[in-house]
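> Here's my sequence, what's the structure:
(one chain, ligands or ions: 2)
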Amino acid sequence: MNQDTICAIATANGVGALGIIRLSGVDAVKIAQRTFKGKNLEEVPSHTVHYGYIVDGNSREARGKKKEERTKIIDDRPETEDVEQFIIQNESSVTHHQTSNTQHPTPNNTEEVIDEVMVSVFLAPKTFTTEDVVEISFHGSPHIAKKILEVLVKNGARLAKAGEFTMRAFMNGRIDLAQAESIADLIASENEASRKVALNQLKGGITNEISILRNDLLNFTSLIELELDFGEEDVEFADRTAMNKLLLNLRHKLSALIESFQYGNALKNGVEVAIIGKPNAGKSTLLNALLKEERAIVSEIAGTTRDTIEEVIHLKGTAFRFVDTAGLRETTDIIEKIGVTKAKEKIASAKVLLYLYDEQDSTTAEVIAFVKEFHRDDLKIVLVHNKVDLTNDEVPNEFDSTLNLELFPDYCDELLRISARDQTGIEAVKTVLIDYVENLKDQESNVIITNQRHYDALRKSLQSVLQVEEAVSSGIHTELLAYELRNALEQLGEISGEFTNDEVLGNIFSKFCIGK
Ligand SMILES: Nc1nc2c(c(=O)[nH]1)N(C=O)[C@@H](CNc1ccc(C(=O)N[C@@H](CCC(=O)O)C(=O)O)cc1)CN2
Ligand SMILES: Nc1nc2c(ncn2[C@@H]2O[C@H](COP(=O)(O)OP(=O)(O)OP(=O)(O)O)[C@@H](O)[C@H]2O)c(=O)[nH]1
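Numbers count the residues shown, from 1 in each chain. Ligands and ions are numbered 1, 2, ... in the order given. All right, here's what the predicted structure looks like:
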């Protein structure tokens, strides 16, 4: 059990109407009481809110006094006549307060009033951390926050590390690791999709799924132990059919969870879409049309876009991260060259590629060559024929207008005709993107994996299950089986935090914000 009482601001940095400072630990109430003028917090029931003042007993005036006296001020605070007097005055309810304007604290000359506050008391074990928790709700000035924190630290609390409140909730067993992680995801959620999936995880979605899988594995382990115990006597006690069924079931469930990560990752982190094409193809114009605002610089000079530009648009609850890249061509301009390298990097990390071309300036061969060079299994390439408004004016020189998808049946399944300038066909581009995400959703699992750590652990677990299947079908090797079974179990246990180490935990919680 942790003996430290920790404190931190729970609200955002900067000015707000109100701010909340949270304390958690065995001495939370005692420390809060030392700084509070109002009801005696050590006597109030759990889950109650109290009006009063935060005071600094060791203020400028107090500093003039002798050390012993100063200590006494702090230690004896709840008993000082002054505070008792104040408590009596304040026995009335908060509503009563609003009608009477006589309720000012009468700090003695050793105290400085820092702020008028509301203090909430939550007593262990039914609290966020399972420890005693006190929340101080103050006027949301960062300066006041700093002063209150200073007083709390002076009275025995210490500043919390990033994620330490949630870490305590985990360490004390109120939530598992996946739930703790979902809290960070909830805080970071920017749209409906990511909020819902994080909330489901907080409510135990993954936790339950993992415990079902673990049970299946444990059941299998008991069956196999039977088989091993009696194996030498040449009697097959274990029910082979039941064993195979369990393994098959495990493999299915694990695979479904693993597959859900593509969708989960799109929900949580958005989908990266690279807009690629030769200089002047109209990439910046398309990005602007998608964003409906002038973000990228549009110009007639080829090579205007030298760096990559990223913009996010939300479609049907999913964030699409667009990158407008430097036009792809061989170039002598060193800066533009860097841009081209970056464009290639962007293609490497993108999930969707919008390849823009313009009949006036492209050949079928170029488009085909491009698609052939950059296609990947996990990349959706969408051909976007831009500047269709021009096609009537001039007969395209080398461009073969028979360019169609049949030319690359395996690589690319979408060809759109648009005019970025006139904003025609833009909706079709958006529809293609939305459909891309909808198709990812097409999976069996009712829980969606959004976390890379969980994804990695599930894949390792599946790997071990496959090894177990292999070992069972090719004759059982006891040691290998035991090893792989333990592996599969431990990988699942890592998701819930049952098996884990300080490094992993430190890594997870350090990414939280301070005060969470
Ligand atoms: N003021 C305030 N608002 C807040 C939080 C907080 O800590 N303080 N939260 C912090 O993230 C979130 C709410 N999450 C919470 C989760 C669990 C418990 C809790 O006390 N659980 C106990 C008792 C439940 C009960 O009373 O039935 C438990 O599970 O044992 C509290 C807050 C969002 N809003
Ligand atoms: N007629 C017509 N012109 C367009 C269309 N889209 C873009 N243009 C024009 O084509 C030129 C180049 O557009 P940009 O959007 O800057 O092209 P880019 O692909 O970003 O060019 P780089 O930054 O050089 O790679 C500009 O003059 C645009 O107005 C279109 O649909 N029709």
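
> Around residue 45, how many other residues sit close by?
7 (other C-beta atoms under 10 Å). C-beta: built from backbone N, CA, C; applies to glycine.

> where's residue 454, which helix or strand?
In this structure, residue 454 sits in helix 452-473 according to DSSP states H and E.

> Packing partners of that helix?
Using 3 or more C-beta pairs under 8 Å, 6 or more residues apart in numbering; DSSP states H and E as the contact definition, the elements that helix 452-473 packs against are helix 205-231, helix 240-269, helix 478-496.

> buried residues in the longest one?
Buried residues in helix 240-269, defined by neighbour count with 16 or more other C-beta atoms under 10 Å: 243, 246-247, 250, 253-268.

> And for the last one?
In terms of neighbour count (16+ other C-beta under 10 Å), helix 478-496 has its buried residues at 481-482, 484-485, 487-496.

> Same check on the first one?
Within helix 205-231, the residues that qualify as buried by neighbour count (16+ other C-beta under 10 Å) are 205-207, 209-210, 213-214, 216-217, 220-221, 223-225, 227.

> what does stretch 151-162 give?
So stretch 151-162, judged by 16+ other C-beta under 10 Å, has buried residues 151-152, 155-157, 160, 162.

> Looking at the buried residues of helix 478-496, which is nearest ligand 1?
Out of these, the one with the shortest distance to ligand 1 is residue 496. That distance is 16.9 Å, counting by C-beta to the nearest ligand atom.

> Pull the number of nearby residues for the residue nearest to the closest one when sequence neighbours are not counted.
If you skip the residues right next to it in sequence, residue 496 has residue 176 as its closest partner in space, 4.3 Å away by C-beta to C-beta, 6 or more residues apart in numbering. Neighbour count for residue 176, taken as other C-beta under 10 Å: 20.

> Next: residue 459.
A count of nearby residues for residue 459, using other C-beta under 10 Å, gives 16.

> Touching, it and residue 258? I think so.
Yes - look at residue 459 against residue 258 with C-beta atoms under 8 Å: they come within range, at 5.8 Å.

> Next to ligand 1, which bits of the stretch 51-200 of the chain? Give me the list.
126-128, 135, 174 (C-beta under 6 Å from any ligand atom).

> now for those residues, which pair is the farthest apart?
135 and 174 (17.1 Å; C-beta to C-beta).

> wait, what's in contact with the residue in the stretch 251-400 of the chain positioned nearest to ligand 1?
As assessed by C-beta to the nearest ligand atom, ligand 1 sits closest to residue 268 within the stretch 251-400 of the chain, at 19.3 Å. If you count contacts by C-beta atoms under 8 Å, 6 or more residues apart in numbering, residue 268 has them with 185, 194, 197-198, 450-451.

> Could you export those residues as a markdown table, including secondary structure, distance to residue 317 and neighbour count?
As requested, those are arranged in a markdown table below (DSSP: H, G, I helix; E, B strand; the rest coil; distance: C-beta to C-beta, whole Å; neighbours: other C-beta atoms under 10 Å):
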| residue | secondary structure | distance to residue 317 | neighbour count |
| --- | --- | --- | --- |
| 185 | helix | 15 | 19 |
| 194 | helix | 8 | 23 |
| 197 | helix | 10 | 24 |
| 198 | helix | 13 | 24 |
| 450 | coil | 14 | 26 |
| 451 | coil | 19 | 24 |
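
> Of all pairs in the residues you listed, which one is the farthest apart?
Pairwise distances across these (C-beta to C-beta) peak at 11.8 Å, for the pair 194 and 451.

> can you give me the strands for the protein?
Taking DSSP state E as the criterion, the chain carries its strands at 6-9, 18-24, 36-38, 48-56, 112-122, 133-139, 158-159, 271-277, 309-315, 318-324, 352-358, 380-386, 412-417.

> Dump those strands to TSV, plus distance to residue 465 and mean pLDDT.
Formatted as TSV, the strands of the chain follow (distance: least, C-beta to C-beta, whole Å; pLDDT from 0 to 100):
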stretch	distance to residue 465	mean pLDDT
strand 6-9	41	98
strand 18-24	40	98
strand 36-38	56	97
strand 48-56	51	97
strand 112-122	43	97
strand 133-139	41	98
strand 158-159	45	97
strand 271-277	30	90
strand 309-315	37	79
strand 318-324	31	82
strand 352-358	32	90
strand 380-386	30	91
strand 412-417	33	81
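
> pLDDT below threshold where in the stretch 101-250 of the chain?
Low-confidence segments of the stretch 101-250 of the chain (pLDDT under 70): 101-109, 227-239.

> switch to 50 and redo it
Per-residue confidence of the stretch 101-250 of the chain (counting by pLDDT under 50) places the weak regions at 101-104, 235.

> The residue of the chain found nearest ligand 1 - nearest residue in space that isn't next to it in sequence?
In the chain, the residue that lies nearest ligand 1 is residue 126 (3.7 Å; C-beta to the nearest ligand atom). Beyond its immediate neighbours in the sequence, the residue positioned closest to residue 126 (C-beta to C-beta, 6+ apart) is residue 46, lying 7.2 Å away.

> Look up how far residue 508 lies from the one you found.
According to C-beta to C-beta, to the nearest Å, residue 46 stands 30 Å off from residue 508.

> ok, now residue 273?
Following C-beta to C-beta, the distance that separates residue 273 from residue 508 is 29 Å.

> can I see the domain layout of this protein?
As recorded under automatic domain parsing, the domains making up the chain are 6-160, 182-262+451-510, 272-440.

> in the stretch 301-450 of the chain, what spans have low per-residue confidence?
Low-confidence regions of the stretch 301-450 of the chain, defined here as pLDDT under 50, cover residues 301, 303-307, 328-330, 334-335, 337-339, 394-399.

> quick one, what contacts the residue nearest the centre of the chain?
Among the residues of the chain, the one closest to the centroid is residue 185, at 2.9 Å (C-alpha atoms, centre = their mean). For residue 185, the contacting residues are 194, 197-198, 201, 268, 450-451, taking C-beta under 8 Å, 6+ apart as the criterion.
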